[in-house]
Structure formats: structure tokens, C-alpha cells
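**Q** quick one: sequence and predicted model below, then my questions.
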Amino acid sequence: QPFVSKHGKPAGGARFPLGLDRVHGTRNAPAARPATELLRPQRPLAHAAREALRQTAPGGIGLDSAAVRARMVQRLRADGVACEPVLHAFLQVERHRFVDTALATQAYEDTALPIGHGQTISKPSVVARMLALLFESEAARTSGSLGRVLEIDTGYGYQAALLSLLARGVLSIERLGPLHEKARSHLQGWPAGDLRLIHGDGRLGHAPWAPYQHIVAAAGGDDLPQAWLDQLAPGGRLVAPMHDATAGGQVLVVVDRTDSGWREQRVGAVHFVPLKSGRA
């Protein structure tokens with residue numbers, strides 16, 4: 001069954017653990033230290049620094065600061081991303097909450113990061129570029145929104161969170177059970193839009209919720225599955241990586257569904273994890 005988060009409330013009466021923003025505090029203030037302890041020799045600074053690093057949560061080192069995300073957005077602008085709705089979404093979503101704690105200090109660098117099981121979270125410039133391409137579609141230009149979106153390969157849920165700020169509804173499919181559960185944990189209580197997570201085979205899309213105004217994939221194969229093309233609405237756009245023998249690697253493929261058929265363009269080299277069938 002799909003996990004549904006709409007305005008922070010799981011559907012179907014499902015109950016999940018406490019939200020990510022729940023703050024836990026102690027009931028009693030710590031007791032004063034005895035004078036003898038205050039007079040103890042200071043530990044070597046290197047030891048103190050290592051202990052502080054172990055005890056520091058990601059939010060305590062400035063990663064939850066809007067200024068950190070603003071600097072990332074400035075770099076995206078410098079790289080040529082000019083879609084204001086996409087840039088605004090990047091300002092709002094805290095990327096460090098969608099990576100492993102050990103890698104949190106690298107969250108706002110323009111780099112892909114491992115998330116386990118041979119998968120990665122794509123670097124911000126690639127995600128921004130793909131979302132900006134979606135916004136250049138006929139459907140998005142007409143409505144000012146991405147409408148209903150199908151995302152293939154949820155990963156840890158970062159792009160799904162961004163999409164929820166840009167669309168009226170997002171359905172995201174992840175084939176790997178552990179990553180699906182991790183994304184559910186990251187997105188529990190997520191306040192934006194109609195966001196649905198499904199553990200399933202992304203190559204099949206999700207026909208019950210079709211048609212989709214936009215489809216975006218974070219994994220690349222040798223072809224575009226026919227199910228994606230069938231589930232794309234007229235006037236809609238699909239953006240996905242695909243192997244290109246001429247280029248000798250993957251390229252981004254943009255497919256628009258028009259009244260007369262399909263229009264395809266290829267817009268540059270990328271590197272994504274392989275697109276696979278089935279559910280694991």
C-alpha cells in the first residue's frame with residue numbers, strides 16, 4: 001500500500017513514529033559540578049575536538065541555516081539554472097536531512113553522495129537542471145505548476161521533497177525496500193502537497209494514478225519503458241537518463257507528448273545508477 005502524506009497526515013489511519021522536527025528535552029537541569037572537578041587539568045585540545053565532533057548533530061554546525069542553502073542556490077544560478085520556482089524549492093528543502101549523518105557536512109557541495117545499496121543521491125546541479133527542464137514543458141508553462149508527477153527511484157526522498165513544492169501531487173516509486181523505508185522516515189510529517197511513496201517496480205510506472213503531466217527518473221537504462229510513455233499526459237514532459245551508444249554513456253533525454261505524437265531531444269551527458277526491473 002502506498003504511503004500518503006498530505007499536509008503532514010498519513011492516510012488510511014496509519015501511524016508512524018514521531019516527526020523529524022520533534023524536540024526532546026531533559027526534565028531536570030544538570031547538577032552543578034563539584035569544585036574539585038572544575039579544578040581538574042584541561043584535556044588536550046585534540047581530544048576535546050574529537051569528542052565534540054562525535055557529539056555534534058548536523059543541525060548544530062550550521063547546516064540548518066538558510067544561509068547555507070542560499071549559497072548553494074547562488075552556485076546553481078552561476079551554473080545557469082534560472083528557473084525561479086526550482087531555485088525557491090532548493091532554498092526550502094534541507095538536503096543534509098536526506099543524507100547519512102556521516103556525510104552531512106558534504107550535503108551542500110555539488111556532489112553525488114552514496115546512500116547505500118549501490119545507490120546515490122544526485123548532485124544538486126543535476127537535480128536542479130532536470131527539474132528546470134520539467135518546468136519548460138507546455139503543461140508547466142500553461143499552469144505554472146508541474147501538476148501530477150511520477151518520480152522513478154525515490155532514493156532517500158530529497159527530490160520527492162523538492163517536487164512536492166512544485167507540483168499538485170507526487171507519486172514516487174522505489175524498488176529497494178530499505179531505501180523506500182528510509183524515504184518514508186525522512187518524509188514523515190512532510191507538510192507540502194500530496195506526496196505518495198510506493199515500494200514497486202519503477203519501470204512499470206503506476207497506472208492507477210495516471211496520467212501524469214510530468215515524469216522524472218533518477219536511474220538510466222538502454223531505453224525508455226513503454227509504460228512511462230503510455231502514462232504521460234498530452235502536453236506533458238518526461239525527463240530521464242538513457243544510455244546513448246553514440247555518446248558512449250548516458251545522456252538526459254527529454255520527451256514531450258504532443259497532439260501528433262512524441263518529440264525527443266537529448267541535452268547533455270550525465271551519470272546515473274542503472275535502471276532495473278523488479279522489487280527488492
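**A** Good, I have the coordinates. Numbering: from 1, shown residues only.
**Q** who are the neighbours in contact with Ala139?
**A** By C-beta atoms under 8 Å, 6 or more residues apart in numbering, the residues touching Ala139 are Leu146, Gly147, Gln213, His214, Ala233, Gly235, Gly236, Arg237. In short, each C-beta sits where N, CA and C put it, glycine included.
**Q** that one: which element?
**A** Assessed by DSSP states H and E, Ala139 sits inside helix 138-143.
**Q** for Gly189, state which of the contacts of Ala139 is nearest.
**A** Leu146 (22.3 Å; C-beta to C-beta).
**Q** now that closest one. Nearest residue, chain neighbours left out?
**A** The spatially closest residue to Leu146, leaving aside those adjacent along the chain, is Ala167, at 3.9 Å (C-beta to C-beta, 6 or more residues apart in numbering).
**Q** I figured that neighbour hits Glu151, correct?
**A** No: if you go by C-beta atoms under 8 Å, Ala167 and Glu151 don't touch, sitting 9.6 Å apart.
**Q** can you pull out the strands in the stretch 51-200 of the chain?
**A** Ranges of strands in the stretch 51-200 of the chain, per DSSP state E, counting those that start in this stretch, are 113-116, 119-121, 148-152, 169-174, 194-199.
**Q** partner strands of the second one and their direction?
**A** Translated: strand 119-121. As defined by DSSP bridges, the strand partners of strand 119-121 come to strand 113-116 (antiparallel).
**Q** how far does the longest strand along the chain sit from the chain's center?
**A** Ranked by residue count under DSSP state E, the longest strand found in the chain is strand 232-244. Its chain's C-alpha centre and that of strand 232-244 lie 18 Å apart, by C-alpha atoms, centre = their mean, to the nearest Å.
**Q** now do it against strand 148-152, angle only.
**A** Per axes from the mean of the first three to the mean of the last three C-alpha atoms, to 10 degrees, the angle that strand 232-244 makes with strand 148-152 is 20 degrees.
**Q** how close does Val170 get to Asp100?
**A** 23 Å (C-beta to C-beta, to the nearest Å).
**Q** burial measure for the closest residue to Ala161 other than its chain neighbours, as a count.
**A** Distances taken as C-beta to C-beta, 6+ apart place Val93 nearest to Ala161, at 4.8 Å, with adjacent residues excluded. Residues lying near Val93 (other C-beta atoms under 10 Å) number 20.
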